[in-house]
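> structure, please.
(4 chains)
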Number of protein chains: 2
Amino acid sequence: MRTYDQFCAAARALDVVGDRWTLLIVRELLIRDGARYTDLQYGLPGIATNLLANRLRELEEHGIVTREAAPPPVATTLFRLTPRGEALKPVLMALGEWGGPLLETASGEFRSHWLVLPLERRLQDHRPEAPPVTIELHTGDQPLLIETDHGRVHVRPGTVATPDATLRGSPPLILGVLGGDLDLTAACAQGLDFEGDPDAVRRVARPAVAESQTAE
Amino acid sequence: MRTYDQFCAAARALDVVGDRWTLLIVRELLIRDGARYTDLQYGLPGIATNLLANRLRELEEHGIVTREAAPPPVATTLFRLTPRGEALKPVLMALGEWGGPLLETASGEFRSHWLVLPLERRLQDHRPEAPPVTIELHTGDQPLLIETDHGRVHVRPGTVATPDATLRGSPPLILGVLGGDLDLTAACAQGLDFEGDPDAVRRVARPAVAESQTAE
DNA sequence: CGGCATCCTCTTTGATACTG
DNA sequence: CAGTATCAAAGAGGATGCCG
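Numbering: from 1, shown residues only, chains lettered A, B, ... in the order given. Got it, this is the predicted structure:
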């Protein structure tokens, strides 16, 4: 990117991460630190491969990403964020916060791991002393697993033998229920497929704000 | 901008404000809400005039900016942020926070009003009950005025007849002193021109973190 | 003067094919 | 798997002109 060449911290930041696709590459690496080139391509539908290669090189030059060549047996390259790269998380979160209202419709491409950051932001274990619970989400390309961990809640791709609850449905329904914008029964009426213990969901979901009845 | 077309809040946000110059236009309007076209051009050195016009139209279409035609006597147009536009402030602040370390050198264009947001973020009135103080900053194209107001601190372009203190010097020096990264005497040794009451500066500046001796 | 629109050039992006 | 090479299309930059 042509530099703005301004003595302004925000402009300097945009000089580095303001290029098209750049912040979305950082998003991918925030969700799954240690990603292969093809993982990134999969998580960034539509990106041209030369652009991905260029951006990764620029991010490396700016000290945001490191390239880690795994030893010969596996022979693959892993891309990771440096601490400086991880420091971009507040930027992505602020953008996500602002962009939330634009998500009314579930159009376009979707990868279920994109829910990891927004869900971790919304979820909280309201009964940290109780035994841990696990919830499986099925919405998109691969299942997600929610796990409580001493008050914190972790979200990652994965499954477990006997989850306490399982949710299947469109991303807005899942996000609505867990984000506290949609009642569980209302979501089921709108097509959510729910199995297991409703209390497991209530335990981690953000409390409802009031009368809201529509998916985010 | 070609849309990313992803069901991801951050990607949706970038669909709207990810274009080149867009967030810097928002920055200008966050600093001085109610700006004329030429004010924006002045605050965005290097922008092509057609680009500014296009971006303003897009921002208007997205409900981020409103255009207010002043009545015939003055015959000028004022651009303002909507609440939705003001909601972008956390995004700009997060970018600024991350970009701060890139400001080591005072190269490139500079407009003193660009200091308003970073300064308001750093400053705090540590003695709210004491009578208000004013500090003038001279560093760039126009003087800035810092005013305490019942615990809050406001920064705006302007001057006052008898400020409690006056700082003249390069932007990094000013930012270093007020941000708590640079001792006042050290800054004077590096070329800061200081007049008035040092306590006025200490009252609003962010406390030093420890041993730091270099400008940010 | 303030607020653009037009025209032209140059750079960046996108799409696809191909390679060690 | 992790890219490079190539080429067409879109966008940005810069100059200038227009109109109330």
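> get me the contact residues on chain A for DNA strand D.
A:2, A:36-39, A:48-50, A:53-54, A:56, A:67, A:76-78 (C-beta under 7 Å from any atom of the strand). Where you see a C-beta, it was placed from the backbone N, CA and C, and this is true even at glycine.
> these: which two are farthest apart?
A:Arg2 and A:Thr76 (34.1 Å; C-beta to C-beta).
> between the two, who's got more neighbours?
More crowded of A:Arg2 and A:Thr76, by other C-beta atoms under 10 Å in any protein chain shown: A:Thr76, with 13 against 8.
> how about stretch A:119-138, does it reach chain B?
No: on the criterion C-beta under 8 Å from any C-beta of the partner chain, stretch A:119-138 is out of touch with chain B, staying 10.0 Å away.
> mind listing what's buried along the longest helix that chain A contains?
Counting residues, the longest helix found in chain A (DSSP state H) is helix A:49-61. Buried residues in helix A:49-61, counted by 16 or more other C-beta atoms under 10 Å in any protein chain shown: A:51-52, A:55-56, A:58-59.
> cool, and stretch A:32-39?
A:32, A:35, A:37, A:39.
> and which of those is nearest DNA strand C?
Using C-beta to the nearest atom of the strand, A:Tyr37 is the member of those that sits closest to DNA strand C, with 10.1 Å.
> nearest spatial neighbour of the closest one, skipping sequence neighbours?
In space, and not counting its chain neighbours, A:Tyr37 is closest to A:Thr77: 6.4 Å by C-beta to C-beta, 6 or more residues apart in numbering or on different chains.
> how about the residues of chain A near DNA strand C?
Contact residues (C-beta under 7 Å from any atom of the strand) of chain A with DNA strand C: A:1-2, A:19-21, A:46-51, A:54.
> could you dump the residues you listed to CSV with distance to B:Leu14?
Compiled in CSV, those are given as follows (distance: C-beta to C-beta, whole Å):
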residue, distance to B:Leu14
A:Met1, 14
A:Arg2, 18
A:Asp19, 11
A:Arg20, 8
A:Trp21, 9
A:Gly46, 13
A:Ile47, 13
A:Ala48, 17
A:Thr49, 20
A:Asn50, 20
A:Leu51, 15
A:Asn54, 18
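> reformat those residues as a markdown table; add pLDDT.
Output for these, formatted as a markdown table (pLDDT from 0 to 100):
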| residue | pLDDT |
| --- | --- |
| A:Met1 | 81 |
| A:Arg2 | 91 |
| A:Asp19 | 97 |
| A:Arg20 | 97 |
| A:Trp21 | 98 |
| A:Gly46 | 96 |
| A:Ile47 | 97 |
| A:Ala48 | 97 |
| A:Thr49 | 97 |
| A:Asn50 | 96 |
| A:Leu51 | 97 |
| A:Asn54 | 97 |
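> of those residues, list those near chain B.
Counting by C-beta under 8 Å from any C-beta, A:1, A:20, A:46 from the residues of chain A next to DNA strand C sit close to chain B.
> what's across from the residue nearest to A:Tyr37 in the sheet?
With DSSP bridges as the criterion, A:Thr77 is bridged to A:Ala69.
> surely it is in contact with A:Arg36?
Yes: contact criterion C-beta atoms under 8 Å: A:Thr77 and A:Arg36 qualify, at 6.6 Å.
> now stretch A:55-64: average pLDDT?
Stretch A:55-64 carries an average pLDDT of 97.
> anything in that stretch near chain B?
No: counting by C-beta under 8 Å from any C-beta, chain B is not contacted by stretch A:55-64; separation bottoms out at 9.3 Å.
> starting at the chain centroid, how far to that stretch?
Centre-to-centre, stretch A:55-64 and its host chain are 22 Å apart (C-alpha atoms, centre = their mean, to the nearest Å).
> which residue, other than its chain neighbours, is closest to A:Gly169?
A:Leu192 (3.9 Å).
> all strands for chain A, in order.
A:65-69, A:77-81, A:134-138, A:144-149, A:152-157, A:165-168, A:193-196 (DSSP state E).
> identify the residues contacting the residue nearest to A:Gln190 when sequence neighbours are not counted.
Spatial nearest neighbour of A:Gln190, excluding adjacent residues (C-beta to C-beta, 6+ apart): A:Leu173 at 6.1 Å. Residues in contact with A:Leu173 (C-beta atoms under 8 Å, 6 or more residues apart in numbering or on different chains) are A:139, A:182, A:187, A:190-192, A:215.
> go again using 10 Å as the cut-off
A:106, A:139, A:167, A:182, A:186-188, A:190-194, A:215-216 (C-beta atoms under 10 Å, 6 or more residues apart in numbering or on different chains).
> sorry, back to before: dump the buried residues of helix A:49-61 to CSV, plus distance to B:Ala130.
As requested, the buried residues of helix A:49-61 are arranged in CSV below (distance: C-beta to C-beta, whole Å):
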residue, distance to B:Ala130
A:Leu51, 56
A:Leu52, 56
A:Arg55, 51
A:Leu56, 53
A:Glu58, 49
A:Leu59, 48
